[in-house]
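Visitor: Here is my input; please provide its structure:
(2 chains)
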Amino acid sequence: MADSNAPRDHSAMLANPLFDADLLHRYDRPGPRYTSYPTAPQFTFDFDESALRKVVRESNDDPIPRSLSIYVHVPFCASPCFYCGCNRIITRDRSLAEAYVARLVREIAMTAEMFDRDRDVVQLHFGGGTPNFLSATQLRDVVTTLRHHFHFADRRDSDVSIELDPRCLSPSDVADLATIGFSRASLGVQDFDPAVQAAVNRIQTVEETLAIIEACRRYGLRSVNVDLIYGLPKQTPEGFAKTLDTVITTRPDRLAVYSYAHLPQLFKPQRRIDAADLPAPHVKLALLQLAIERLTAAGYVYIGMDHFALPDDDLALAQARGGLHRNFMGYTTHADSDLVGVGVSAISHIGASFSQNPRDLPTWQAAIDDGRLPVFRGMRLDDDDSLRADLIGQLMCQGEIPVSALERRYAIEFDDYFRDAMTRLQPLFDDNLVRRDDGRILATSRGRLLLRNIAMCFDRYLDRPGIPVKFSRAV
Amino acid sequence: MSQPVFPRSDARTAADDGDALSFCSTCAFSEACLSQGMDKRELGDLHVLVEHVGPLHAGDHVFRKGDPFEAIAAVRAGTVKTYVVDSEGREHVLGFYLPGEVIGLDAIDGEHYPCNAIALDTVALCRFSFPRMAELAARVPGLQQQLFRLLSRDIGAAMRLAGDWSADQRMAAFLLGLSRRLAARGFSPRRFQLTMARTDIGNYLRLAPETVSRVLKRFQDDGLLVVDRREVELADVARLEALAAPILPS
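Guide: Numbers count the residues shown, from 1 in each chain, chains lettered A, B, ... in the order given. Below you'll find the predicted structure:
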């Protein structure tokens, strides 16, 4: 334990990702993104409100209880983006927001009551849907309620962040967000190419986007993230290159470049995308290569799993000192906190458990109107789950499996315990995606874009036949 | 390979390696009995013995206050907490019992248990029927001595906390005490799990739960220890010993 917490210079070891189209093509297979392990399809319905209350009680009773991260889900969007696989409700009826906030306030009060008062909140994130479907006043109400019921750490590095749709936001709204206390914003862009925007039903001008980024800076938000997507219909290297160049000129602190996963049987909105418009596999890989080359040339550091950051950004600094973590909200600098999700479909991760709120509005509403915590499924992790979750988390964050540290922490003999996994990993050794070195298994520069393929070797649930689980592809 | 981290046990710490004829290797009484040439069969003939109980699960009571006193019990695995509840309904934690330690000793001058005993995790016990055990002790001097030793250790632990110690001193003494007791049973003295809740630790040490966490955090910041969820690693035993010295002489 002691030496794994000691500062280590990871930046020296983390190889830049190496792009090898043939390799990526060969490893392009469906798999989870591992924002959690086990993944959500493993959650079961016997995890109920009393199970949640019990894990919270236990988490309060740790010798040093963990700090808290809070996630607030806002499910509404004014119009449907066809690529979206998120849980959301398309509406223009703003009165829904009012009723939603009223119930959020009650859920927050009920939830906060379970936690001891000395559990500091170090991170608050609003995701969606479109969080700015709520007005600034409504967002302020939610944040004020949270600050009333929870104890927020007054720390310089505490994060209050929000995902923003620049299409329904004005620069003066950003000023309001800043006064509410938001310190980080994440803007959806995807691609500025008009043909792509038409094909995905998301028309968003460069001007309105840049105006919002500019406003975030003017009103003192500490950090701006931009989301792009490759693999969208009608996307071309030429158009995407232009988008990348435009975005790079604004110098966002962080960038996420996600792979579009076309799963129309799973995500209804995607049925409105004509599969014939999708870029061929080699074009999709060219788009990824373009993104990596332009961003690294512009000085961005590849963090892992689609994420890039400026070298002086907190994420890059945390990775360099071995202090990066990952949860449902993506990468974070906050050491293992317990995650408390509120709102429709929100997932919580408290102690060794996951739990999720109902994914449909009526069920969520009914629970809250009844005065019940609206948990509808979840799971308790056993020792094996916890070990594998730790392993996969380290791999996603630091690009390595700390074999010796895991052996000590869990009192296992690694090669013996993971014999099956190591057999599955052998082809990846042969392909030089991973190498073993000094008590560690490291992702090589060839393997850094295929972290999830490495992680899949250690996923116990992928072994189990008969559980049909649908995941997006690796690249 | 390093010593096992409590409460994980292996062959070296397992206290359930006894059978109908052999004592468990960790039995508090085996030495006294064997030195008098009494093996388990003979104890059985005297109806003293010796019944393996469990597993009990977290929250199960071993006995409750007022239950008729029939037996003392040695912990074979897990942690047992003893406590009483006062007239205002407040709980007072009396002690924590680890593998190899004996519960129920404070009942031996009466007919009823004077406190409650509850399992904090998965607990296995070895039960010695009591009046018989007392008779046996009269015949086996080593056994009587062993009983007195256990009793005085029990009283000593309670007395030590009665002093006017600081929160830091109490916590250091608590952690070192656990470390030494676990070491005596073959567990790692440097790394172990706190199987008790922080509210229980606070109650036992007469500190608020938030103070428990604050002190542990400060110890961690000062490099005395590392806390990871329920697991504690004592990083600087010498400084902890210096802190605990007034309560817990080395």
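
Visitor: Let's test this: name the helix or strand in chain A with the lowest mean pLDDT.
Guide: For chain A, the helix or strand with the lowest mean confidence is helix A:2-5, at a mean of 39 (criterion: mean pLDDT, DSSP states H and E).

Visitor: what's the helix or strand following that helix in contact with?
Guide: Note on helix A:2-5: by DSSP states H and E, the next helix or strand toward the C-terminus is helix A:21-26. With Cβ atoms under 8 Å, 6 or more residues apart in numbering or on different chains as the test, helix A:21-26 has contacts from A:281-282, A:285-286, A:288-289, A:431, A:433, A:446, A:449-450, A:474-475. All C-beta atoms are positioned from the backbone trio N, CA, C, and that covers glycine.

Visitor: So for chain B, the centremost residue is which one?
Guide: Central residue of chain B (Cα atoms, centre = their mean): B:Y97, 1.9 Å from the mean position.

Visitor: Let me see the contact set for it.
Guide: By Cβ under 8 Å, 6+ apart, B:Y97 lies in contact with B:75, B:79-82, B:103, B:117.

Visitor: Could you check how many residues crowd around the residue in the stretch 51-200 of chain A that chain B sits nearest to?
Guide: Taking Cβ to the nearest Cβ, chain B has its nearest neighbour within the stretch 51-200 of chain A at A:D61, 3.4 Å off. A:D61 has 19 neighbours, counted by other Cβ atoms under 10 Å in any protein chain shown.

Visitor: Just the pLDDT for it.
Guide: On the pLDDT scale, A:D61 is placed at 93.

Visitor: Over to A:F152?
Guide: As predicted, A:F152 sits at a pLDDT of 92.

Visitor: Bridge partners for the nearest residue to it once chain neighbours are set aside, pull those for me.
Guide: Spatially, and ignoring its direct neighbours in sequence, A:F152 is nearest to A:V121 (4.7 Å; Cβ to Cβ, 6 or more residues apart in numbering or on different chains). In this entry, A:V121 is beta-bridged to A:L68, A:F152, by DSSP bridges.

Visitor: Okay, helices next: where are they in chain B?
Guide: For chain B, helices defined by DSSP state H occupy the ranges B:30-35, B:40-45, B:130-139, B:141-160, B:167-184, B:198-205, B:209-221, B:237-244.

Visitor: mean confidence for the fourth one?
Guide: Just to be clear, that refers to helix B:141-160. Computed over helix B:141-160, the mean pLDDT rounds to 74.

Visitor: which stretches of chain B have low pLDDT?
Guide: Applying pLDDT under 70 to chain B flags residues B:1-2, B:9-50, B:158, B:250.

Visitor: swap the cut-off to 80 and go again
Guide: Scanning chain B for pLDDT under 80 picks out the ranges B:1-52, B:54, B:108-109, B:130-163, B:249-250.

Visitor: Quick one: name the residues of it near chain A.
Guide: Residues of chain B lying close to chain A by Cβ under 8 Å from any Cβ of the partner chain are B:2, B:4-5, B:8, B:191, B:194, B:197-201, B:209-210, B:212-213, B:216-217, B:220, B:226-233, B:235.

Visitor: between the helices of chain B, which one is nearest to A:H73?
Guide: A:H73 lies closest to helix B:209-221 among those, at 30.0 Å (Cβ to Cβ).

Visitor: Show me what that closest one is packed against.
Guide: Packed against helix B:209-221, as judged by 3 or more Cβ pairs under 8 Å, 6 or more residues apart in numbering or on different chains; DSSP states H and E, are the following elements: helix B:167-184, helix B:198-205, strand B:225-228.

Visitor: which residues are contacting the shortest one?
Guide: Where contact means Cβ under 8 Å, 6+ apart, the residues beyond strand B:225-228 that reach it are A:1-2, A:5, A:63-64, A:409, B:175, B:216-217, B:219-220, B:232-236, B:240.

Visitor: What strands line up against that strand, and which way round?
Guide: In the sheet, strand B:225-228 lines up against strand B:231-234 (antiparallel) (DSSP bridges).

Visitor: Keeping just the C-alphas, turn the strand it pairs with into CSV.
Guide: C-alpha atoms of strand B:231-234 as CSV (Å, rounded to 0.1, in the frame of the first residue of the first chain):
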residue,chain,number,x,y,z
GLU,B,231,-7.3,-1.6,5.9
VAL,B,232,-4.6,0.0,8.0
GLU,B,233,-0.9,-0.2,7.5
LEU,B,234,1.3,1.0,10.4
